[in-house]
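1. I would like to see how this sequence folds:
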Amino acid sequence: MAGGGAAASALSSPWRTLLQRALDANAHLKHSTFFQLATVGEGGRPANRTVVFRGFQEHCDKIQIHTDARSNKVLSAFREMPNLEFSQICWYFTDSWEQFRISGIIDVIDGSSSDPAKLQQREKTWFASSMKTRSQYLGEPWPGVPVVDDDLDPSTGPVDAYCLLTLDPEKVDYVNLKSNQKLMFRRTQEGDDSSDWMAEKASL
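-> Predicted structure coming up:
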């Protein structure tokens with residue numbers, strides 16, 4: 001099963017079931033776990049980058065992403081404008097011709113978080129990563145800088161550079177170009193514990 005997408009639980013949202021099917025159908029394609037994450041950048045300008053799906057957070061629909069706290073991928077915008085946390089994912093599956101646009105609130109969780117539950121989740125995703133992935137957070141992140149050859153102890157917890165991003169979906173637009181189907185999903189209530197969604201068909 002692709003991208004750490006554990007078997008859909010009984011509490012899965014209707015759009016998540018469609019997403020899991022798309023992940024399964026495209027699992028033979030390595031790029032099927034890549035998607036584009038758009039945020040509001042410096043000066044209110046749009047910023048977009050390709051990231052890797054790291055699974056869902058347990059017991060909810062939050063989508064997990066890893067990033068380097070030393071890079072400007074997402075963090076610089078949030079540090080300068082912490083109220084601009086709205087983000088959108090655009091995820092296209094080339095084999096099944098399906099697209100998901102997932103809008104929601106993004107949360108940046110680094111080692112300075114004061115929330116024990118968030119720090120625990122950050123640690124959990126760190127240990128769920130491969131040693132190769134963890135080693136990417138050693139040394140300097142800029143091109144041309146020598147790579148650190150020091151071995152990383154498998155029992156070592158998250159290094160300072162490791163940052164977990166979670167996107168909490170509020171709106172999902174789904175398009176299937178093979179069946180000419182479009183569905184729009186809206187969360188009817190706000191809050192982490194809400195799993196109530198409204199779905200409606202729409203024209204392409």
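2. ok, for I65, nearest residue in space, not its chain neighbours?
-> Distances taken as C-beta to C-beta, 6 or more residues apart in numbering put L165 closest to I65, at 4.2 Å, once the chain neighbours are dropped. C-beta coordinates here come from the backbone N, C-alpha and C atoms, glycine included.
3. Mind telling me what element that neighbour is part of?
-> Per DSSP states H and E, L165 falls inside strand 162-176.
4. How about V51?
-> Per DSSP H and E: strand 46-52 holds V51.
5. ok, residues contacting the following helix or strand past that strand?
-> Counting by DSSP H and E, the element after strand 46-52 in chain order, helix or strand, is strand 63-68. With contact meaning C-beta atoms under 8 Å, 6 or more residues apart in numbering, strand 63-68 is reached by 4, 37, 51-57, 73-75, 89, 102, 125, 129, 133, 136-137, 141, 161-167, 169.
6. could you redo the last one with a cut-off of 7 Å?
-> 37, 51, 53-57, 73-74, 89, 125, 137, 141, 161, 163-167 (C-beta atoms under 7 Å, 6 or more residues apart in numbering).
7. Next, the angle from that strand to strand 46-52.
-> 100 degrees (axes from the mean of the first three to the mean of the last three C-alpha atoms, to 10 degrees).
8. and the angle from strand 63-68 to strand 162-176?
-> Going by the same axes, to 10 degrees, strand 63-68 makes 140 degrees with strand 162-176.
9. Distance from strand 63-68 to the middle of the chain?
-> Its chain's average C-alpha position is 6 Å from that of strand 63-68, according to C-alpha atoms, centre = their mean, to the nearest Å.
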